[in-house]
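Colleague: here are the coordinates; sequence isn't available:
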DNA sequence: GCGACAG
DNA sequence: ATCTTGTCGC
């Protein structure tokens, strides 16, 4: 990217290009039940180096039967796109896709950290990446991007529809009693009912479903190992 | 014009 | 996302 800020002439033209790309991807979205719910679920997440110049991504494959992570893959790339609300996938997408493609074990669906359909153009990061990878994908956001929702019970499993412009775009799901809910929306090759069931089925004792949580833990380790002063010194053979 | 705004 | 330990509250 050459233009760096909203004050640069041509910024709005770039924004329109990005929006057009999202609308094209949205046109390729396939909505269908995921049945039966797959046993092996991939999860992906990313983190940034202290100077913000490097993006670390991790992907895992989680076995719902044994409740264990059976595969982990990493990717490290330069961060070349800024964080702009509604364009998150342009920033994190390349690294996350690379990590997912590096997985060796098969999986039947991917859980992403962020919205899928629950996006202004119905193409959040989960939809964007799942469509490009042409794999079943689901968005699991820790907070809301758009949409309104009512009060939901405080017990685990409580849900409320997430609505935007008179359309249901997702489900607000409380995964643990008394904890803040997560925002579930479809990405690709799933329907909302299947998405919510799968996310709920991937939850153990934490707010975040295991595939995504394990990916978060994995990327934290990667970051620690490559972004730490001590680690850098060791790599450079300094004592 | 004034907020809101995934990670 | 990231800066950051203990601490107040259900």
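Modeller: Yes, it's here. Since this is a predicted model, take the numbers as computed values, not measurements.
Colleague: which residues of chain A fall in helices?
Modeller: If you assign secondary structure with DSSP state H, the helices in chain A sit at A:11-26, A:88-101, A:125-133, A:192-201, A:210-227, A:229-235.
Colleague: what's the span of stretch A:75-93, first residue to last?
Modeller: Using Cα to Cα, to the nearest Å, the end-to-end distance of stretch A:75-93 comes out at 11 Å.
Colleague: is that stretch positioned near DNA strand B?
Modeller: Yes. Shown here: stretch A:75-93 in contact with DNA strand B (Cβ under 7 Å from any atom of the strand) through A:83, A:85-89, A:92. All C-beta atoms are positioned from the backbone trio N, CA, C, and that covers glycine.
Colleague: how far off centre is that stretch?
Modeller: Centroid displacement of stretch A:75-93 relative to its chain, using Cα atoms, centre = their mean, to the nearest Å, is 12 Å.
Colleague: buried sites along that stretch?
Modeller: Within stretch A:75-93, the residues scored as buried using 16 or more other Cβ atoms under 10 Å are A:75-76, A:79, A:81, A:86-93.
Colleague: who in chain A is up against DNA strand B?
Modeller: Close to DNA strand B, as judged by Cβ under 7 Å from any atom of the strand, chain A has residues A:45-46, A:83, A:85-89, A:92, A:113-115, A:119, A:124-126, A:139, A:141-145.
Colleague: buried residues, stretch A:117-133. List them.
Modeller: When burial is assessed from 16+ other Cβ under 10 Å, stretch A:117-133 yields the following buried residues: A:117-131, A:133.
Colleague: what two of those residues are the furthest from one another?
Modeller: Comparing every pair within the buried residues of stretch A:117-133 by Cβ to Cβ identifies A:120 and A:133 as the most remote, at 22.1 Å.
Colleague: which among the buried residues of stretch A:117-133 gets closest to DNA strand B?
Modeller: Proximity of the buried residues of stretch A:117-133 to DNA strand B was ranked by Cβ to the nearest atom of the strand; the top entry is residue A:124 with 3.0 Å.
Colleague: list the contacts of that closest one.
Modeller: Taking Cβ atoms under 8 Å, 6 or more residues apart in numbering, we find residue A:124 in contact with A:86, A:88-89, A:114-118, A:139, A:141, A:145, A:185.
Colleague: if we can go back for a sec, mean pLDDT for the helices of chain A - can I get that in a markdown table?
Modeller: Written out in a markdown table, the entries for these read as follows (pLDDT from 0 to 100):
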| stretch | mean pLDDT |
| --- | --- |
| helix A:11-26 | 95 |
| helix A:88-101 | 98 |
| helix A:125-133 | 98 |
| helix A:192-201 | 98 |
| helix A:210-227 | 94 |
| helix A:229-235 | 54 |
